[in-house]
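# when you get a sec, could you give me coordinates for this:
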Amino acid sequence: MPRASLTASLIARGFDRSHAIPFERGARVWCSQCEALCINGVPCHERGCPNIVPTCRECGGLDPERTCCREDS
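Numbering: from 1, shown residues only. Just a heads-up that it's a prediction; the model follows:
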C-alpha cells in the first residue's frame, strides 16, 4: 500500500495525527485524544476514545453512522 493511501486510511479511522515516515514504508499512528498503538500491525485506539470510527460487522468497512451497510430482510 502506498504511504499516502496508508496515511489517508489511518486518518479516516480516527488516527488524526498520523503521518508517513520519511524514507520508510510505514506510518506513525497517532491520535490527538488517546495513546494510540499498534498490536501485531493493527492500529488501535484506547477504549473510550472519542475518535474511534466504528466498523461494520457485516463487511468490515468503516461505518461512522453506526448503521449496517446491509439491510436485513
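# could you use CA atoms for every contact and neighbour count after this?
Fine.
# now this structure, which segments are flagged as low pLDDT?
Low-confidence segments of the chain, defined by pLDDT under 70, span residues 1-4, 64-73.
# at 80 what do you get?
For the chain, applying pLDDT under 80 flags the ranges 1-4, 22-26, 54-73.
# most centrally placed residue in this structure?
The centre of the chain sits closest to residue 13, judged by C-alpha atoms, centre = their mean, with a distance of 2.8 Å.
# quick check: it touching residue 62?
Yes. Proximity of residue 13 to residue 62 meets the contact threshold set by C-alpha atoms under 8 Å, at 7.4 Å.
# and for those two, which residues touch both?
Taking C-alpha atoms under 8 Å, 6 or more residues apart in numbering as the contact rule, residue 13 and residue 62 both touch residue 53.
# if we can go back for a sec, tell me the contacts of the residue nearest to the centre of the chain?
51, 52, 53, 62.
# if we use 6 Å, what do you get?
Contacts here follow C-alpha atoms under 6 Å, 6 or more residues apart in numbering; on that basis residue 13 touches residue 53.
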